[in-house]
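Peer 1: below are the sequence and a predicted model; questions follow.
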Amino acid sequence: MDATDTMNSALSPWEEKRKRDKKKRKDEKKNAATGSWGTYGIIRETDMNKRPEFTAWLAEVKHVNLESLPNWEEKQLFKDFMEDHNTATFPSKKYYNLDAYYQRKMEKQIKKGHGKVVEAERTMFDDEEQRRLELRRERERQKEEQVEALKRSMQGGMAQAMKEQAQLREEMAYLYKIGKMEAAAAIQRRLDPDVAM
């Protein structure tokens with residue numbers, strides 16, 4: 001019996017299981033390429049729903065323009081694309097799903113605070129109509145600013161008026177207490193001009 005046998009016999013069943021599991025995980029890491037088959041789904045030669053991803057992969061990885069390829073070469077390159085997709089060996093997650101990639105990228109930018117999303121690409125090329133829309137948006141923005149400024153000024157003025165009314169009520173109550181009924185009545189008329197006395 002050597003030293004390792006005495007150590008193994010001294011291990012509890014739980015520790016032996018943990019050791020076996022650790023070794024098993026280590027072996028799985030070595031064979032990761034075979035374990036990644038179909039991680040992002042499996043595509044076949046007939047799956048043309050991955051056309052945008054295929055086009056991006058051709059342009060960015062293979063540096064080939066799809067429009068200039070003959071049909072047979074396009075099919076051959078699609079087989080390469082299909083193999084990379086099925087074995088999950090693309091250089092970027094972008095080529096598995098372009099829409100999801102750009103959506104995540106935009107969400108990250110918004111979270112980071114680079115927040116303002118880039119203005120949408122122009123699809124309408126009627127300059128006059130475009131200018132009319134810009135002017136209308138500018139007028140609406142100016143109107144909103146004017147309304148906000150008016151609200152702010154009214155709030156300040158109203159607050160001041162309310163303070164003055166509260167002071168006048170206190171003064172009126174004081175005048176009633178000390179017996180100056182005519183002065184208190186004058187303040188009352190000033191506070192409520194519509195009430196007949």
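Peer 2: In hand now; what should we look at?
Peer 1: which secondary element of this structure has the worst mean pLDDT?
Peer 2: With mean pLDDT, DSSP states H and E as the measure, the helix or strand of the chain carrying the lowest mean pLDDT is helix 32-35 (a mean of 48).
Peer 1: residue 79 contacts residue 46, doesn't it?
Peer 2: No - counting by C-beta atoms under 8 Å, residue 79 does not reach residue 46; the two are 11.9 Å apart. Heads up, the C-betas are built off the backbone N, CA and C, glycines and all.
Peer 1: those two: which is more packed in?
Peer 2: residue 79 (11 against 6; other C-beta atoms under 10 Å).
Peer 1: before we move on, which element is that one in?
Peer 2: When elements are assigned from DSSP states H and E, residue 79 belongs to helix 71-86.
Peer 1: in the helix or strand that that helix is followed by, what counts as buried?
Peer 2: Counting by DSSP H and E, the element after helix 71-86 in chain order, helix or strand, is helix 98-112. Taking 16 or more other C-beta atoms under 10 Å as the neighbour-count basis, helix 98-112 is seen to contain the buried residues 98, 101.
Peer 1: tell me what the helix or strand where residue 137 lies is packed against?
Peer 2: Residue 137 belongs to helix 127-178 when assigned by DSSP H and E. Packing partners of helix 127-178 (3 or more C-beta pairs under 8 Å, 6 or more residues apart in numbering; DSSP states H and E): helix 181-191.
Peer 1: what inclination does the helix it packs on have with respect to helix 127-178?
Peer 2: Using axes from the mean of the first three to the mean of the last three C-alpha atoms, to 10 degrees, one finds that helix 181-191 and helix 127-178 are set 170 degrees apart in direction.
Peer 1: now find how far off-centre helix 181-191 is within its chain.
Peer 2: Averaging C-alpha positions (C-alpha atoms, centre = their mean, to the nearest Å) puts helix 181-191 61 Å from its chain's average.
Peer 1: low-confidence ranges, the protein, go.
Peer 2: Judged against pLDDT under 70, the low-scoring parts of the chain cover residues 1-9, 24-35, 38, 114-124, 195-197.
Peer 1: so which residue is dead centre in it?
Peer 2: The structure's the chain has its C-alpha centroid closest to residue 107; by C-alpha atoms, centre = their mean the separation is 3.7 Å.
Peer 1: buried set for the helix or strand just after the least confident helix or strand of the chain?
Peer 2: Using DSSP H and E, the helix or strand that follows helix 32-35 towards the C-terminus is helix 51-57. Burial within helix 51-57, assessed by neighbour count using 16+ other C-beta under 10 Å, is assigned to 53, 54, 55, 56, 57.
Peer 1: so which residues make contact with helix 51-57?
Peer 2: Where contact means C-beta atoms under 8 Å, 6 or more residues apart in numbering, the residues beyond helix 51-57 that reach it are 66, 78, 81, 84, 85, 90, 94, 95, 96, 97, 98.
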